[in-house]
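Trainee: just to be clear, the model below is a prediction. Sequence and coordinates:
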Amino acid sequence: MILLEIEYYKGDIILRGNTVPKKELLEQIRLIESKYDHEEDNFVAMLCRVYGYERIDIDECFVDYVYDRDIGKLFTKTNFRALNKQKD
């Protein structure tokens, strides 16, 4: 199982899914980014439907990956924390 945090202007969402290599996860994300309805912004719903992710409601937890939709980058949580510290 992996936990994936989706960060974007609408708020952060945590998804749970089957364990896949980072490269495969990035391919899944890129495919959905190219296919989702931009007006409806059904990115998360489509990612869940196509690849079997499940949205979970947890205030805080350690996630395996963070996908920042605003910049289109996938980070491991460790790398993401280091990146955010550089911005401060």
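Mentor: Received the coordinates, thanks. Numbering: from 1, shown residues only.
Trainee: off-centre distance for stretch 36-50?
Mentor: When distances are taken as CA atoms, centre = their mean, to the nearest Å, stretch 36-50 is centred 12 Å away from the chain's centroid.
Trainee: same check on stretch 8-27?
Mentor: How far stretch 8-27 lies from its chain's middle: 3 Å, per CA atoms, centre = their mean.
Trainee: contacts for stretch 19-32?
Mentor: The list of residues contacting stretch 19-32 from outside it, by CB atoms under 8 Å, 6 or more residues apart in numbering, reads 1-2, 4, 43, 46-47, 50-51, 65, 67, 74, 76. Quick note: C-beta positions are derived from backbone N, CA and C, even for glycine.
Trainee: at 10 Å what do you get?
Mentor: When contacts are taken as CB atoms under 10 Å, 6 or more residues apart in numbering, the neighbours of stretch 19-32 outside the stretch itself are 1-2, 4, 6, 17, 42-51, 53, 64-65, 67, 69, 72-76.
Trainee: now, these that are in helices?
Mentor: 43-51 (DSSP state H).
Trainee: could you flag which of those are buried?
Mentor: Of all the ones in helices among the contacts of stretch 19-32 considered here, the ones buried according to neighbour count by 16 or more other CB atoms under 10 Å are 43-44, 46-48, 51.
Trainee: do a quick rundown of the strands in the protein.
Mentor: In the chain, the strands defined using DSSP state E lie at 2-7, 13-17, 54-56, 65-68, 73-76.
Trainee: quick one: the first one to strand 13-17, angle?
Mentor: Translated: strand 2-7. 160 degrees (axes from the mean of the first three to the mean of the last three CA atoms, to 10 degrees).
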